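> Please work out how this folds:
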Amino acid sequence: MTVFIKVNALVVGAFLTFIITSSGSALASQIVTVANFGDGSGSIANVQAACNWAAAGDTILFKAGNFTWSSGLVIRKPLILQGADILDGGTRITAFDTLNAPLITFTGFSSSNLVMVTGFKFDLVNYSSSDRCAVTTKEIALANLRVCSNEFYYGYEQLHIEGAKGVVDHNTFHNPMKGISYTAGTAAQANESWANMNAGTGDALFVEDNKFIDDENYKASYSQERIGTFNGGRLVIRYNLFDCSSYTNASTIDPIMTHGNAAAGAMGGYWQIGNGARRGQSVVEIYGNVMNGKRIDFLATLRGSANIVFSNRLVNTFTMVPRIYLREEEYTVSQWNPARTNWPAEDQVHNTFIWDNTFNGKSQTNANIVIGDVAEMIKEGRDFFLHAPSSSGGSEVFTGLNGASGSYPTDGATYPTKGTMIFTPVGPNAYYGYAPFTYPHPLTSGQLSDLPLTMPQLSTPALVKNLRISVPINIWISQTKDDSYFDTTDGLLSQSIDGSTPKVINRIDLLIYNFTNPQTVTVDIRTAPNGGGVSLSNCTRSVTTGGTSEWVQFDMPSVAISNTVYITLASSGKIRWRIAGASGSMYGGINYSVYTGASAVKLQDFCLKVYTK
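Numbers count the residues shown, from 1 in each chain. Sure, this is the predicted structure:
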């Protein structure tokens, strides 16, 4: 088996992978340090040399500092790329003005090994080229990709992911033209992604716990989607923050746009012809996201696929009635010739369920759903439902290939027929009994083993002192007040931590929704609840928040605990601890659902994360 040790890239220096054999012995991969190549700098030549020298599974440890690359790094084996410890200054890579290629490209191999990029700041400077992105996977098949704890600035695309499954988590995407572009990869990979239409599984790319920030520094006259797709694949977008509350541009921000079977220049435009037209995504799950900003007009634009969209919240938008947009473009002759004249279309919106989303504090209604192009192609009660999958109401199934259509022109006369979609109005909905996949994604939570582990061979012994291994403990706090916020004049909010097993706390993350901007939020570790007792190890930490909804990070001075202690939260004004669940209201102050246990992990919006070692 493989045992992953999670390293928090914001505070640690390396992520180590150990391969445990059946006999229990440990085979350790190497940490390859860029400093041992060439002149020891973080130049592209030295990094490429380190990657070329490394073996599959090795970790490439980057130098601290700011480095400008005029060409891109190309990697043809599974490696882990680790930026320098933030305490040492971190690693920032900037694209040179003339660079029209990705900064980092993984290409030309298939692997089930972990491939990871973590702990970097990538500055793409401008929006000059669609080829100019930070990280791309291309002509590849990856089962376990992780891109985590990075910061991305500008760029036409910041991440371009083809042919990979895994997780993109805990990154911050600043002012991109497009944040993440995702595709199953080749035509064969796109077709394969449609062979299985299951939802709630780990067989997807997960985008979770990220921030997408657009503000007054946005440099372009228009924007594209923050997460966009094309050509197949299964995608899960959950628990992200899209914040354009400080965005001054007049153009619309689109958090999520899943493209359908865009013609991509193929003659006729229909994939059943077999000449290279793109495909839509097969299954898309979107839940638990928060979208904040006046120019977010559409929570999501869905142009195909089976979609499961629930418990998202769009706030502070006012330019129009905020909506979810369902589209099917095959009546549009400009891309498809001849245009389709009857339902169904290829890869169209089907077996889609939309429920428990809120728009400016109001529960979802039919007014929040808009059908684009020709409404006949997408109908409520057939192709989509405004409730969770139910035990009745019917479902759509395919005869022949999933996603195929037998209506004109792919009716066997003008173009071939590879099957069609039919709707049966009796029986349960598709996805009845749906449950989301494990959260957080397993790749984000490495498991520590009691087996003796052999430390990897370090290229410099001095690096040993920089290893600080962190494991997160998720604590879901129940709300006891009548309203959904607390005021410091009403007392402090505390959460106990059991220290019967000695721990060392080195970081606390807090997700808040605040009312008074800006304001100061203070976290302390004390020996008694509600501010009582004493503060441990001088660990009082305060930050000034400036966003409507955001994660706030508090680095702790490695506080050792051996008894019960209390994480105490206080603020200079009122803060709403985002607690509303499936039947709650974000604004009314009443009808709040409080969840515990496993349900809390799935449904509560508020999370306090304590990192220990």
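> Please determine how far the closest residue to residue 244 other than its chain neighbours is located from residue 380.
The spatially closest residue to residue 244, leaving aside those adjacent along the chain, is residue 293, at 3.3 Å (C-beta to C-beta, 6 or more residues apart in numbering). For glycine as for every other residue, the C-beta is placed from the backbone atoms N, C-alpha and C. Using C-beta to C-beta, to the nearest Å, residue 293 is found at 28 Å from residue 380.
> Same check on residue 256?
Taken as C-beta to C-beta, the span from residue 256 to residue 380 is 21 Å.
> Between these two, which is the more surrounded one?
Set residue 256 next to residue 380 and count neighbours by other C-beta atoms under 10 Å: residue 256 wins out with 28 against 15.
> Geometrically speaking, which residue is the centre of this protein?
Ranked by distance to the mean C-alpha position of the chain (C-alpha atoms, centre = their mean), the top residue is residue 207 at 2.0 Å.
> thought that one was touching residue 236?
Yes. Contact criterion C-beta atoms under 8 Å: residue 207 and residue 236 qualify, at 7.0 Å.
> pLDDT below threshold where in this structure?
1-28, 263-265, 267, 319, 446-503, 506-520, 530, 537, 543-554, 569-613 (pLDDT under 70).
> Over to the closest residue to residue 306 other than its chain neighbours: give its phi and psi.
Leaving aside its chain neighbours, residue 306 sits nearest to residue 351 (4.3 Å; criterion: C-beta to C-beta, 6+ apart). Phi and psi for residue 351, reported as degrees, to the nearest 10, are phi 40, psi 50.
> quick one: residue 351 and residue 165, what's the gap?
From residue 351 to residue 165 the distance is 22 Å (C-beta to C-beta).
> higher neighbour count, these two?
Ranked by neighbour count (other C-beta under 10 Å), residue 351 and residue 165 place residue 351 first, with 25 against 22.
> The helix or strand harbouring residue 144: how far from the chain's middle?
Counting by DSSP states H and E, the element that carries residue 144 is strand 141-148. Chain-centre distance of strand 141-148: 12 Å, with C-alpha atoms, centre = their mean, to the nearest Å.
> what's the answer for stretch 226-245, then?
Per C-alpha atoms, centre = their mean, the displacement of stretch 226-245 from the mean C-alpha position of its chain is 7 Å.
> now the helices: where do they sit in this protein?
With helices called from DSSP state H, the chain shows them at 44-53, 187-195, 597-603.
> and residue 429, what does it touch?
Residue 429 makes contact with 351, 353, 385, 389, 390, 391, 392, 393, 394, 395, according to C-beta atoms under 8 Å, 6 or more residues apart in numbering.
> which among those residues end up buried?
Neighbour counting with 16 or more other C-beta atoms under 10 Å marks 351, 353, 385, 389, 393, 394, 395 as buried within those.
> which two in these are spaced the farthest apart?
Maximum pairwise distance among those (C-beta to C-beta): 12.7 Å, between 353 and 394.
> who's in contact with stretch 187-198?
Contacts to stretch 187-198, defined as C-beta under 8 Å, 6+ apart, come from residues 141, 163, 183-184, 203, 231-234, 276, 278-279, 281-283, 306, 347, 351, 401-403.
> and with 7 Å instead?
If you take C-beta atoms under 7 Å, 6 or more residues apart in numbering as the criterion, stretch 187-198 is touched by 163, 184, 231-234, 276, 279, 282-283, 306, 402-403.
> buried residues in stretch 429-444?
Buried residues in stretch 429-444, defined by neighbour count with 16+ other C-beta under 10 Å: 429, 430, 431, 434, 436, 437, 439, 440, 441, 442, 443, 444.
> show me what contacts the last one?
Residue 444 sits next to 148, 167, 169 when contact means C-beta under 7 Å, 6+ apart.
> My guess is the last one contacts residue 148. True?
Just to be clear, that refers to residue 169. Yes. Between residue 169 and residue 148 a contact is recorded at 4.9 Å, counting by C-beta atoms under 7 Å.
> Setting aside sequence neighbours, what's the nearest residue to residue 114?
Per C-beta to C-beta, 6+ apart, closest to residue 114 is residue 144, 4.9 Å.
> ok, the one you found - contacts?
112, 113, 114, 115, 166, 443.
> Check residue 164 too.
Residues in contact with residue 164, defined by C-beta under 7 Å, 6+ apart, are 137, 140, 142, 145, 205.
> Relative to residue 147, how far out is it?
Using C-beta to C-beta, residue 164 is found at 9 Å from residue 147.
> One more: residue 36?
Taken as C-beta to C-beta, the span from residue 36 to residue 147 is 25 Å.
> So for these two, which sits in the more crowded spot?
Taking neighbours as other C-beta under 10 Å, residue 36 and residue 147 compare with residue 147 leading, 28 against 14.
> what sits against the more buried one?
117, 135, 159, 168, 171.
> circling back: enumerate every residue touching the residue nearest to residue 306.
Residue 351 is in contact with 306, 395, 396, 430, 431, counting by C-beta under 7 Å, 6+ apart.
> give me phi/psi at the closest residue to the second one other than its chain neighbours?
When the adjacent residues along the chain are set aside, residue 395 lies closest to residue 430, with 4.0 Å between them (C-beta to C-beta, 6+ apart). Summarising the backbone geometry of residue 430 under the convention degrees, to the nearest 10, its torsions are phi -60, psi 150.
> doesn't residue 393 make contact with residue 430?
No. Judged on C-beta under 7 Å, residue 430 makes no contact with residue 393 at a distance of 9.6 Å.
> what about residue 87, neighbour count?
Around residue 87 there are 14 other residues, counting by other C-beta under 10 Å.
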